[in-house]
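Enquirer: prediction below, plus the sequence it came from.
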Amino acid sequence: MTRTLLVAGTASHVGKSTVAAGLCRLLADRGIDVAPFKGQNMSNNARVVVRPNADDRQRGEAHDGTESSDTDNQWGEIGVSQFVQARAARTTPTTDCNPVLLKPRGDGESQLVLQGEAHEHVPAGTYYEEYWERAREAAEESYRRLAADNDVIVAEGAGGIGEINLHDRDLANVETARFADADILLLVDIERGGAFASLYGTIELVPDALRERIVGALITKFRGDPSLLEPGIEEIESKTGVPILGVLPYDDPGLPEEDSVGLPGSEERGVVGDDDGVPADHRIRIAVPRLPRISNATDLEALAAEPGVSVVYVPVDGNTAEPL
């Protein structure tokens, strides 16, 4: 029987992608067949991967063994985090790792990508009214394929699992936990403040059936002496019955960002890669227009990782008075 752990969060940007990647590598290094999964992702940072049974497509065979002329449809897109997590799991990333991808294009509209195949541009309301059931079926189908080939699935949730206005259509959290029969690891970011309140409130607000699946919680992005948290940890464990399994120090492992949250705002100027010790007069600076809906910005991280190279995000309003 395949076991599934859903890495969920009290909010967005609490470290779910990083923790999921770490768990994939830990389990893979212990000889366990593991694969990542995110039922529904929203990201403009994507990677091209193979679709399941691509070898059959190359031979001109359909899933049912009949002849197929679909020889050009062997590739699809997934969010960059699931690509990284698959690499961490030492497995080949496929579109099953992220069967539903929404690529925002502004004004509340996204391009819908199902199992790697791009479909219409749909407003949020239209997606939930006309496509959500189809998306759920695609997510469950992809999960079943992954589960058939692996001992453990490390699933990543999206946003906060306690969003009560979304519980009837929360594919990445609620529905994944249900159809995957998943245990839940709950993450909370202490850097933004209010961590214990967020943890307590989230546990209280998740559906009853899911609350019973929470096996533990992690406190992430902590700076300082972890012993200072001990009184709060004891109290929150007493109030919720959920054990705090660990406190993760603030660290940047260098994994690509899933979305543009980690970039400066579209009207701000920001520099990446400026802290590698290379003197200013020996540096190269590369200017990048900070487009409001920039996509695949993670491709630029390779430049910023080079010693002596900085990537400068500049607003597109034409104000370049400040030197690069």
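Expert: Right, received. Where do you want to start? Numbering: from 1, shown residues only.
Enquirer: strands of the stretch 51-200 of the chain, residue ranges please.
Expert: 75-79, 100-104, 109-114, 117-123, 152-156, 183-189 (DSSP state E, counting those that start in this stretch).
Enquirer: which stretch among the ones you listed comes nearest residue 85?
Expert: strand 152-156 (7.0 Å; CB to CB). To be clear about C-beta, it is placed using only N, CA and C from the backbone, and glycine gets the same treatment.
Enquirer: now the angle between strand 75-79 and the closest one, please.
Expert: Using axes from the mean of the first three to the mean of the last three CA atoms, to 10 degrees, the direction of strand 152-156 lies 60 degrees away from that of strand 75-79.
Enquirer: given strand 152-156, what are its sheet partners and their directions?
Expert: According to DSSP bridges, strand 152-156 forms sheet pairs with strand 3-9 (parallel), strand 34-37 (parallel).
Enquirer: of the ones you listed, flag the one that's most buried.
Expert: Mean neighbour count (mean count of other CB atoms under 10 Å) peaks for strand 34-37 among the strands paired with strand 152-156, with a mean of 29.
Enquirer: which residues touch that strand?
Expert: 4, 20-21, 23-24, 27-28, 82, 85-86, 88-89, 91, 96-98, 142-143, 146, 149-156, 176, 180 (CB atoms under 8 Å, 6 or more residues apart in numbering).
Enquirer: how does it look with 7 Å?
Expert: Applying CB atoms under 7 Å, 6 or more residues apart in numbering, the external contacts of strand 34-37 come out as 20, 24, 27-28, 82, 85-86, 89, 91, 97, 143, 146, 150-156.
Enquirer: so where is the stretch 151-300 of the chain shaky, pLDDT-wise?
Expert: For the stretch 151-300 of the chain, applying pLDDT under 70 flags the ranges 256-262, 264, 266, 293.
Enquirer: any chance of the strands paired with strand 152-156 in TSV with distance to residue 169 as columns?
Expert: Formatted as TSV, the strands paired with strand 152-156 follow (distance: least, CB to CB, whole Å):
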stretch	distance to residue 169
strand 3-9	16
strand 34-37	18
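Enquirer: quick one: closest of those strands to residue 290.
Expert: strand 3-9 (26.4 Å).
Enquirer: hey, which strand is longest across the chain?
Expert: The single longest strand within the chain, with elements called by DSSP state E, is strand 214-222.
Enquirer: and the contacts of strand 34-37, which are buried?
Expert: Among the contacts of strand 34-37, the ones that count as buried by 16 or more other CB atoms under 10 Å are 20, 24, 27-28, 82, 85-86, 89, 91, 97, 143, 146, 150, 152-156.
Enquirer: residue 2: what's it in contact with?
Expert: Shown in contact with residue 2 (CB under 7 Å, 6+ apart): 147, 150, 151, 152, 153.
Enquirer: and the third one, how far from residue 34?
Expert: Taking CB to CB, to the nearest Å as the criterion, residue 151 is separated from residue 34 by 7 Å.
Enquirer: please save the CA atoms from the helix or strand harbouring residue 234 in PDB.
Expert: In the assignment (DSSP states H and E), residue 234 maps to helix 230-240. Listed next in PDB are the C-alpha coordinates belonging to helix 230-240 (Å, rounded to 0.1, in the frame of the first residue of the first chain):
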ATOM      1  CA  GLU A 230       9.500  25.600  24.200                       C
ATOM      2  CA  PRO A 231       6.800  27.200  26.400                       C
ATOM      3  CA  GLY A 232       4.700  28.000  23.300                       C
ATOM      4  CA  ILE A 233       5.200  24.500  21.800                       C
ATOM      5  CA  GLU A 234       4.100  22.900  25.000                       C
ATOM      6  CA  GLU A 235       1.000  25.000  25.200                       C
ATOM      7  CA  ILE A 236       0.000  24.500  21.500                       C
ATOM      8  CA  GLU A 237       0.500  20.800  21.800                       C
ATOM      9  CA  SER A 238      -1.700  20.700  24.900                       C
ATOM     10  CA  LYS A 239      -4.400  22.800  23.200                       C
ATOM     11  CA  THR A 240      -4.500  21.000  19.900                       C
END
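Enquirer: next SSE after that helix?
Expert: Toward the C-terminal end, the helix or strand that comes next after helix 230-240 (DSSP H and E) is strand 244-249.
Enquirer: downstream neighbour of that following strand in the secondary structure list?
Expert: Assignment by DSSP H and E places the next element after strand 244-249 at strand 270-272.
Enquirer: re earlier: would you list the strands paired with strand 152-156 in a markdown table and tack on mean pLDDT?
Expert: Formatted as a markdown table, those follow (pLDDT from 0 to 100):
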| stretch | mean pLDDT |
| --- | --- |
| strand 3-9 | 98 |
| strand 34-37 | 98 |
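Enquirer: to residue 306, which of those strands lies closest?
Expert: Distance to residue 306, taken as CB to CB, is lowest for strand 34-37 among those, at 28.2 Å.
Enquirer: figure out how far the closest one is from the centre of its chain.
Expert: What separates the centre of strand 34-37 from the centre of its chain is 12 Å, taken as CA atoms, centre = their mean, to the nearest Å.
Enquirer: same deal with stretch 185-204?
Expert: Distance, stretch centre to chain centre, for stretch 185-204: 18 Å (CA atoms, centre = their mean).
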